[in-house]
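Q: Everything below, folded, please.
(one chain, ligands or ions: 1)
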Amino acid sequence: MQALAARVRRKAMHGAGRAMALAGILPGPRFRCPVCGFIGSFPTTYGANAPRRYCRCPKCGAAERHRLQRLVIERIRDRLPAGARGLQFAPDPMTPVLCGLCADFITADIMPRQGSIVLDMTRMELPDDAFDLVYASHVLEHIPADRAAIAQVHRILKPGGIAILPVPIVAPKTVEYPPGVTDGDGHVRAPGLDYYDRYRERFAEVELVTSAEVDQATQPWIYEDRTIFPNATATCRPAMPGERHLDAVPICRK
Ligand SMILES: [Zn+2]
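A: Residues are numbered from 1 along each chain as shown. Next comes the predicted model:
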């Protein structure tokens with residue numbers, strides 16, 4: 001009951017901030033959303049963990065990671081061939097953008113969802129060398145056998161194909177949780193930047209695009225207190241110092 005009340009309170013606080021941001025009366029710095037073009041303040045989001053300042057675009061709801069990914073997608077546009085075939089795991093706000101990039105585009109999920117095929121990322125019944133683009137945002141941190149999934153993504157990509165597989169960077173160095181342990185977000189590990197070395201084991205080239213090197217007006221950083229970890233719901237998640245955290249999106253080429 002207390003948890004429900006807290007959730008309702010968080011939603012109300014976010015709703016009020018969103019309404020003020022849309023009305024142009026929310027104090028604070030102004031940003032530009034690269035997903036929908038909104039210009040103005042971004043309200044604080046009150047999630048299950050610590051509040052995230054300047055998190056979501058009040059107009060389209062794009063979070064920090066979506067804005068950074070939107071900028072990365074612009075960088076790969078010219079690298080895809082005409083008639084590109086694309087596959088996205090776990091449809092999200094990037095889906096319409098990715099669909100626009102590919103002549104042939106399908107979405108997939110481990111759970112049945114409208115418009116998606118059901119696919120286990122670690123055992124895909126798809127042919128080799130079939131796709132020009134595979135996209136899976138914030139998926140691999142949920143999968144214990146992540147290296148099997150990375151191998152499968154590599155297998156179904158055409159030579160020269162691109163995989164975009166960002167995970168949340170929430171630790172100074174990657175922490176694998178013990179078997180059966182997850183945190184409050186259902187993650188089986190807390191990835192650090194070193195996590196992307198696992199892609200380097202498989203792919204010919206891995207280029208990282210970070211919050212530090214894109215248009216700062218899009219607010220691509222994560223502002224939240226991570227010194228609250230570990231705690232009762234995330235017993236193995238490490239603390240991270242600082243109030244502003246880097247996000248990073250890898251562009252992998254087969
Ligand atoms: Zn937006």
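
Q: contacts, neighbours, all on C-alpha from now
A: Noted.

Q: Just give me the neighbour total for the residue of the stretch 101-250 of the chain found nearest the ion.
A: The ion sits closest to Thr218 of the stretch 101-250 of the chain, with a gap of 9.7 Å, by CA to the ion. Using other CA atoms under 10 Å, the number of residues around Thr218 comes to 22.

Q: any idea how far it is from Glu205?
A: Distance, Thr218 to Glu205, by CA to CA, to the nearest Å: 27 Å.

Q: now swap in Ile228 and tell me
A: Ile228 is 36 Å from Glu205, by CA to CA.

Q: related to what we said a few turns ago, burial count for the nearest residue to the residue of the stretch 101-250 of the chain closest to the ion once chain neighbours are set aside?
A: Nearest non-adjacent residue to Thr218, counting by CA to CA, 6 or more residues apart in numbering: Arg32, 4.9 Å away. As a burial measure, Arg32 scores 19 neighbours (other CA under 10 Å).

Q: was I right about the residue of the stretch 101-250 of the chain closest to the ion contacting Pro29?
A: No: assessed by CA atoms under 8 Å, Thr218 is found out of contact with Pro29, at 11.2 Å.

Q: Now for Leu102, how many residues are close by?
A: Wrong residue type there; residue 102 is Cys, not Leu. Using other CA under 10 Å, Cys102 has 20 other residues around it.

Q: can you pull the contacts of the closest residue to it other than its chain neighbours?
A: Nearest residue to Cys102, sequence neighbours excluded (CA to CA, 6+ apart): Ala84, at 4.8 Å. Taking CA atoms under 8 Å, 6 or more residues apart in numbering, we find Ala84 in contact with 101-104, 131-133.

Q: change it to 6 Å
A: 102-103, 132 (CA atoms under 6 Å, 6 or more residues apart in numbering).

Q: what do you get for Ile169?
A: Here Ile169 is in contact with 191-192 (criterion: CA under 6 Å, 6+ apart).

Q: Likewise for Cys55?
A: Cys55 neighbours (CA under 6 Å, 6+ apart): 44-45, 63-64.

Q: hmm, try it at 10 Å
A: 41-46, 61-65, 67, 219-224 (CA atoms under 10 Å, 6 or more residues apart in numbering).

Q: ditto for Ala5
A: So Ala5 contacts Lys11 (CA under 10 Å, 6+ apart).

Q: Spell out which parts of the protein neighbour the ion.
A: 33, 35-36, 57, 60 (CA under 5 Å from the ion).

Q: Try it again at 6 Å.
A: 33, 35-38, 57, 59-62 (CA under 6 Å from the ion).

Q: Would you mind writing the PyMOL command to select the buried ones in those residues?
A: For the buried members of the residues of the chain next to the ion, the matching PyMOL selection, counting by 16 or more other CA atoms under 10 Å, is:
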select buried, resi 33+35+38+57+59+61+62
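
Q: Show the low-confidence segments of the stretch 151-254 of the chain, by residue range.
A: Nowhere does the stretch 151-254 of the chain drop to pLDDT under 70.

Q: and the contacts of Ala84, which of them are in strands?
A: By the criterion of DSSP state E, membership of those in strands covers Asp132.

Q: Where do the helices of this structure begin and end?
A: Ranges of helices in the chain, per DSSP state H, are 2-22, 64-76, 95-101, 146-156, 197-200.

Q: by contact count, what packs against the longest strand seen in the chain?
A: Ranked by number of residues, the top strand in the chain under DSSP E is strand 157-164. On a contact count with 3 or more CA pairs under 10 Å, 6 or more residues apart in numbering; DSSP states H and E, strand 157-164 meets helix 64-76, strand 85-89, strand 131-136, helix 146-156, strand 205-210, strand 248-253.
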